[in-house]
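Participant: Sequence first, predicted model second:
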Amino acid sequence: MPTINLNKWILLEKVSLSEGQLKEFLFKLKSEVSPVSDDEYSVEINADRVDMLGLGGVVRALKGISGKELGEPKYTVKETDYMLVIDKVPQRPYALACVIHNVKLSPEAYLKEMIQFQEKLHETIGRKRKKVAIGIHDLRKIKSKTIRYSLVSTNDKIVPLGSTVPMTLSEVLRETEQGRKYGEISLREGRMPAIMDSDYNILSLPPVINSEETRLEPNTNSLFVDVTGTSLDAVSQTLDILATNFAELGAEIGAVMIKESEGTIRKSPLLTHNRLRVSLKEIESILGIKLSQEDAKRFLEMMREDVVIGDGELEVVIPPYRVDIMNVTDVAEDIAMAYGYENFALNEVKVYRVGSLAPKSSLYRKLRTLIIGAGFQEIYTLILTKSTRQVGEIVQIENPISQEYDSVRNSLIWNMLTFMSNNQHARFPVRVFEIGEVVLRDSTTDTGYRNFFRVSIGVMDSKVSYESIQAPVHEILLALSGEKPEYKRTVNDVFMRGRTAEILLKGRSVGVIGEISPVMLNKFQLLYPVALAELDVDALLEVI
């Protein structure tokens with residue numbers, strides 16, 4: 001879970017609680033506190049509560065859970081003359097912005113906490129800046145009220161944060177730590193996105209670095225905040241969380257007009273409120289307690305949400321900073337936290353049963369024992385593999401981290417042959433097996449694909465025949481089912497013609513067996529013959 005450091009005295013002053021009360025209420029919010037020093041706390045925040053990764057969010061939550069303030073805080077948004085013009089930026093097409101007035105960055109603890117909050121959002125919602133990047137600027141140092149988000153060339157120049165010397169963007173990417181770490185995220189064909197003033201002076205290079213010209217100072221009291229990214233929802237949520245957290249600490253939110261390339265104009269931040277209707281009976285069923293509508297309403301107000309009572313249901317107004325609330329389960333969890341987990345009664349278990357293995361797990365263990373007993377060694381390989389090794393329809397990874405792992409395997413055969421290829425130096429015979437998942441098309445599922453279990457058993461030796469694999473597989477299936485398997489001649493491009501068979505058990509096809517064809521041996525750079533069988537565990541489970 002993410003951990004943040006907060007100034008102890010500022011936090012206690014903001015919430016008007018004792019140290020004991022502070023720890024108690026944060027624990028109710030599933031957060032734990034430990035001292036770092038006499039002046040600083042380390043707070044471990046539950047991973048879904050990204051709004052609490054900053055001081056403002058922690059203060060707001062504590063005021064609610066302690067009963068000092070109820071319901072959603074009402075933050076006003078003032079009109080401003082600022083506009084963000086968005087050009088076409090294919091690699092990061094979305095951008096929003098706002099102005100923050102009367103912000104407090106002194107003493108230094110406030111500035112330190114704000115930078116920490118920015119980076120925690122980068123790590124969580126921002127997916128290490130790949131999805132969302134945040135730029136925070138001293139508003140006084142921006143010379144125009146029209147800001148532009150557009151592509152720039154790597155030959156353009158910027159004075160990067162922490163430097164006094166103008167550098168080309170190529171130099172920034174090559175010579176600065178931030179450039180080396182994040183530069184490749186948005187660089188496309190020598191161009192990358194930038195936030196600029198009306199004179200085309202670069203203020204920041206999302207997601208890489210800001211300009212030194214808009215550096216924040218301890219006496220900075222107004223900010224320009226821009227959020228850019230690949231998802232409009234993520235960009236909007238991030239800006240809403242930032243703006244409301246600043247407002248909770250006493251700052252004022254200023255709207256920025258957003259003008260998009262196709263002419264659309266909107267105000268930012270969006271401060272999106274969603275509404276969710278939930279049944280009180282369903283909440284009671286989830287939590288196992290009886291609640292009145294008034295009690296449920298109060299508990300949700302303690303979690304800083306507004307609620308409208310209806311006929312047997314509640315309409316929950318989800319604040320813009322609570323991006324973790326998606327369904328009735330999340331609402332029930334909020335009620336449980338406000339109610340107090342310590343107040344739930346422990347009921348005596350009425351049914352006593354001894355646990356047992358699932359049928360598939362039981363079959364897996366039996367197969368594993370029998371195959372090891374037949375003299376084979378188990379191997380484990382990754383479910384991702386290189387697409388060029390596979391045959392047939394496959395699931396391709398859109399943005400693979402490596403060409404070696406750019407697809408999901410549709411058979412265990414490819415990994416088995418790769419393993420054999422990498423172990424041709426080992427003592428012969430090489431007798432190995434693997435039990436694992438493959439992904440195949442299934443039109444009955446939401447994704448169009450489904451995971452299936454397979455068993456692959458292989459033999460590699462200086463001389464290998466069909467019988468080298470057929471004999472042990474026959475004995476394994478006979479011992480497993482008590483029935484003799486049958487073999488039906490078939491044609492399969494992976495195996496040699498005339499030395500390939502479909503395995504039948506009780507008349508049902510359960511796998512394929514044969515000698516690997518010379519074409520496949522050559523493809524996997526195998527110098528020795530291989531005989532191999534692949535069994536369908538799901539089919540075996542239905543037959544046995």
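Facilitator: Looks like it arrived, so ask away.
Participant: Tell me the buried residues in stretch 3-22?
Facilitator: 4, 6-8, 10-12, 14-15, 17, 22 (16 or more other CB atoms under 10 Å). Where you see a C-beta, it was placed from the backbone N, CA and C, and this is true even at glycine.
Participant: Compute the first-to-last residue distance for it.
Facilitator: 16 Å (CA to CA, to the nearest Å).
Participant: Show residues contacting it.
Facilitator: If you take CB atoms under 8 Å, 6 or more residues apart in numbering as the criterion, stretch 3-22 is touched by 25, 33, 35-36, 38-45, 53-55, 58-59, 62-63, 66, 68, 109-110, 113, 116-117, 120, 249.
Participant: hmm, back to that, got the buried residues of stretch 3-22 as a markdown table, with secondary structure columns?
Facilitator: Listed next are those as a markdown table, based on DSSP: H, G, I helix; E, B strand; the rest coil:
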| residue | secondary structure |
| --- | --- |
| Ile4 | strand |
| Leu6 | strand |
| Asn7 | strand |
| Lys8 | helix |
| Ile10 | helix |
| Leu11 | helix |
| Leu12 | helix |
| Lys14 | helix |
| Val15 | helix |
| Leu17 | coil |
| Leu22 | helix |
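Participant: from those, which two are the most distant?
Facilitator: Spatial extent of the buried residues of stretch 3-22 (CB to CB) is set by the pair Ile4 and Leu17 at 17.7 Å.
Participant: now, which of the contacts of stretch 3-22 lie within strands?
Facilitator: Among the contacts of stretch 3-22, DSSP state E puts 33, 35-36, 40-44 in strands.
Participant: Buried ones among the contacts of stretch 3-22?
Facilitator: Here, 16+ other CB under 10 Å leaves 25, 33, 41, 43, 45, 53-55, 58-59, 62-63, 66, 109-110, 113, 116-117, 120, 249 buried among those.
Participant: Going by distance to Pro359, which of the buried residues of stretch 3-22 wins?
Facilitator: Ile4 (46.2 Å).
Participant: ok, the closest one to Ser106 distance?
Facilitator: Noted for Ile4: a distance of 20 Å to Ser106, by CB to CB, to the nearest Å.
Participant: Next: Asp39.
Facilitator: According to CB to CB, Asp39 and Ser106 sit 16 Å apart.
Participant: if I've got this straight, Glu467 is in a helix?
Facilitator: Yes. Assessed with three-state DSSP, Glu467 lies in a helix.
Participant: what about stretch 89-99, start to end distance?
Facilitator: 23 Å.
Participant: do stretch 37-57 as well
Facilitator: 22 Å.
Participant: Also stretch 173-193?
Facilitator: 13 Å.
Participant: Buried residues in that stretch, which are they?
Facilitator: 173, 176, 178-179, 182-183, 185-187, 191-193.
Participant: tell me the phi and psi of the most centrally placed residue in the chain?
Facilitator: Centroid check for the chain by CA atoms, centre = their mean gives Arg127 as the closest residue, at 7.3 Å. Main-chain dihedrals, Arg127, degrees, to the nearest 10: phi 50, psi 50.
Participant: Check Met460 too.
Facilitator: According to degrees, to the nearest 10, Met460 has phi -130, psi 130.
Participant: Repeat that for the one 10 residues further on.
Facilitator: Dihedral angles phi and psi of Gln470 (degrees, to the nearest 10) take the values phi -70, psi -40.
Participant: From Ile476, how far out is it?
Facilitator: Taken as CB to CB, the span from Gln470 to Ile476 is 11 Å.
Participant: More neighbours: which of those two?
Facilitator: Ile476 (24 against 19; other CB atoms under 10 Å).
Participant: that's a strand at the more buried one, yeah?
Facilitator: No. Counting by three-state DSSP, Ile476 falls outside a strand, being helix.
Participant: out of everything not next to it in sequence, what's closest to it?
Facilitator: Leu370 (4.8 Å; CB to CB, 6 or more residues apart in numbering).
Participant: In whichever strand or helix holds that neighbour, which residues are buried?
Facilitator: Secondary structure from DSSP states H and E places Leu370 in helix 359-373. Buried residues in helix 359-373, counted by 16+ other CB under 10 Å: 363-364, 367, 370-371.
Participant: what residues does it touch?
Facilitator: 357, 378, 433, 435, 453, 455, 457, 476, 479-480, 537, 540-541, 544.
Participant: Please state the offset of the helix or strand following that helix from the chain centre?
Facilitator: Next helix or strand after helix 359-373 toward the C-terminus (DSSP H and E): strand 377-378. Distance of strand 377-378 from its chain centroid, counting by CA atoms, centre = their mean, to the nearest Å, is 34 Å.
Participant: and if you look at stretch 248-268?
Facilitator: 28 Å.
Participant: got the buried residues for that stretch?
Facilitator: 248-249, 251-260, 268.
Participant: how about those residues in TSV, adding secondary structure?
Facilitator: Formatted as TSV, the buried residues of stretch 248-268 follow (three-state DSSP):
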residue	secondary structure
Glu248	helix
Leu249	coil
Ala251	coil
Glu252	strand
Ile253	strand
Gly254	strand
Ala255	strand
Val256	strand
Met257	strand
Ile258	strand
Lys259	strand
Glu260	coil
Ser268	strand
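Participant: Flag whichever of those residues scores worst on pLDDT.
Facilitator: pLDDT across these is at its lowest for Glu260, which sits at 91.
Participant: can you pull the contacts of the residue nearest to that one when sequence neighbours are not counted?
Facilitator: Using CB to CB, 6+ apart and skipping the chain neighbours, the partner closest in space to Glu260 is Ile86 (4.9 Å). Shown in contact with Ile86 (CB under 8 Å, 6+ apart): 95, 149-150, 258-261.
Participant: swap the cut-off to 7 Å and go again
Facilitator: 95, 149, 258-261 (CB atoms under 7 Å, 6 or more residues apart in numbering).
Participant: Please verify my assumption that Ser204 contacts Asn210.
Facilitator: Yes. Counting by CB atoms under 7 Å, Ser204 touches Asn210, with 4.4 Å between them.
Participant: check contacts around Gly375.
Facilitator: Arg431.
Participant: again, 8 Å this time
Facilitator: Gly375 touches 431, 472, counting by CB under 8 Å, 6+ apart.
Participant: That one and Phe433, how far apart?
Facilitator: In terms of CB to CB, Gly375 sits 10 Å off from Phe433.
Participant: again with Lys157
Facilitator: To Phe433, Lys157 is 61 Å away according to CB to CB.
Participant: cool, Gly229 as well?
Facilitator: 46 Å.
Participant: List the contacts of the nearest residue to Leu6 once chain neighbours are set aside.
Facilitator: Nearest non-adjacent residue to Leu6, counting by CB to CB, 6+ apart: Tyr41, 5.2 Å away. Residues near Tyr41 by CB under 8 Å, 6+ apart: 5-8, 11, 33-35.
Participant: how does it look with 7 Å?
Facilitator: 5-6, 8, 11, 33, 35.
Participant: any idea how far it is from Thr381?
Facilitator: From Tyr41 to Thr381 the distance is 46 Å (CB to CB).
Participant: and if you look at Pro90?
Facilitator: 37 Å.
Participant: do the same with Ile142
Facilitator: Applying CB to CB to Ile142 and Thr381 gives a distance of 54 Å.
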